[in-house]
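Trainee: here you go, sequence then predicted model.
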Amino acid sequence: MTARRVLGYGGAVLLAGWVLVPIWFVVVGAFSTADAVYSYPLAAWPDWSLESMRFFVTSAGVPQALLSSVIVAVLTGVVTLLLAAPAGYALARFVFPGADAYRLAVLSTRAFPVVVLSIPLAVFFLQWGIYDTVWGVALMHTALALPFVVLMVSAVFAGVPVDLEEAAQVFGCSRFGAFRRAVVPNAAPGLAAAATFAVLLSYNEVFAASILTLQQPTLPVFVLTGLTQAPLPFRYAGALFLLAPAFLFILLIRRRLLGVGGGPTLR
């Protein structure tokens, strides 16, 4: 084994440890007793207990905040994908003047700070009657996720051969039928990844949600606002609740994601 390869493996191990060790201690703190959490140093392998998790879940306001986060994340994923799919398909399939400039313009919308978008939207939402609602937060999160998802979906559709659509149309499908029967099944893993990105962005976003909510905060906002007064078991359990969805989503769609580079199949 060459020295360069040893250095590469060593760097990978150090990077993995840098990321995974803090996550491991969050898991340990979330599944320890209160006495174990306050002990120093925190044991790397404690006596496992649901005491901290039970304390967090039963705390006032947590179930409502968790439900709000889930609803907002699902709405964001659905609305973002419905809006991004036509735009991404157009970018992938049609050649028109200014296509590259349009891609850059789509991405440049993320150059605006969140606070620049959140405060005017809060005023509009107050006027429209959707301030402090899951719909208002979902619309804001859709605006944050949409530029990235459009480009992701465009790359996914570009990877599906045009020949599949042409073959489907030869066999009697309309343009939309060819899209539904030939393109969508082959693009499904990539579309799932794009929707997952939008869902995770929404679930973990805190700044815009803190401006657009008051009585119905999302879970990150609820945890953040009570962080300074909250006991350590609450903090560890809250951190795990914010981290867990990312890992669960990856585990659930991992097999679908592995098929992104696979051969196309006409259904």
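Mentor: On my side now, so go ahead. Just so it is clear, the model here is predicted, and its values are computed rather than measured.
Trainee: kindly report the domain assignment for this protein.
Mentor: Structurally, the chain divides into domains by automatic domain parsing as follows: 1-60, 63-231+245-257.
Trainee: include distance to Ala237 and mean pLDDT when you put those domains into CSV, please.
Mentor: Using the backbone N, CA and C atoms, a C-beta is placed for each residue, glycine as well. Written out in CSV, the entries for the domains of the chain read as follows (distance: least, C-beta to C-beta, whole Å; pLDDT from 0 to 100):
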stretch, distance to Ala237, mean pLDDT
domain 1-60, 3, 84
domain 63-231+245-257, 9, 85
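Trainee: return the most buried member of the ones you listed.
Mentor: Taking mean count of other C-beta atoms under 10 Å as the contact definition, the stretch among the domains of the chain with the greatest mean neighbour count is domain 63-231+245-257, which reaches a mean of 17.
Trainee: give me the helices and strands touching the helix or strand encompassing Pro189, please.
Mentor: Under the criterion of DSSP states H and E, Pro189 resides in helix 184-204. Contact analysis of helix 184-204 by 3 or more C-beta pairs under 8 Å, 6 or more residues apart in numbering; DSSP states H and E lists helix 62-93, helix 134-158, helix 219-225, helix 232-257 as its packing neighbours.
Trainee: and Ala99, what does it touch?
Mentor: With contact set as C-beta atoms under 8 Å, 6 or more residues apart in numbering, Ala99 has these partners: Leu91.
Trainee: actually Glu205, sorry about that
Mentor: Each residue near Glu205 by C-beta under 8 Å, 6+ apart is listed here: His141, Leu144, Thr218, Pro220.
Trainee: Ala208 is in contact with the first one, correct?
Mentor: Okay, so that is His141. Yes. Here His141 reaches Ala208: they are 7.1 Å apart, a contact under C-beta atoms under 8 Å.
Trainee: quickly note the distance from Tyr102 to Val95.
Mentor: To Val95, Tyr102 is 12 Å away according to C-beta to C-beta, to the nearest Å.
Trainee: same question for Phe171.
Mentor: From Phe171 across to Val95, the span is 25 Å (C-beta to C-beta).
Trainee: Ser69 too?
Mentor: Taking C-beta to C-beta as the measure, Ser69 and Val95 are separated by 41 Å.
Trainee: do the same with Ala230
Mentor: Summarising the geometry, the distance separating Ala230 from Val95, computed by C-beta to C-beta, is 55 Å.
Trainee: what does Arg110 give?
Mentor: In this view, Arg110 and Val95 are 25 Å apart by C-beta to C-beta.
Trainee: same deal with Phe56?
Mentor: As it turns out, when the distance is counted by C-beta to C-beta, Phe56 lies 53 Å from Val95.
Trainee: what sits against the most centrally placed residue in the chain?
Mentor: Compute the mean C-alpha point of the chain, and by C-alpha atoms, centre = their mean the closest residue is Leu200, 1.7 Å away. When contacts are counted by C-beta under 8 Å, 6+ apart, Leu200 touches Ala73, Pro245, Ala246, Phe249.
Trainee: Ala36 against Trp45, yeah?
Mentor: No. The pair Ala36 and Trp45 does not pass the contact test of C-beta under 8 Å, sitting 10.8 Å apart.
Trainee: about what we covered before: export the helices and strands packed on helix 184-204 as JSON lines, with columns for distance to Leu14.
Mentor: Below are the helices and strands packed on helix 184-204 laid out as JSON lines (distance: least, C-beta to C-beta, whole Å):
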{"stretch": "helix 62-93", "distance to Leu14": "33"}
{"stretch": "helix 134-158", "distance to Leu14": "29"}
{"stretch": "helix 219-225", "distance to Leu14": "29"}
{"stretch": "helix 232-257", "distance to Leu14": "21"}
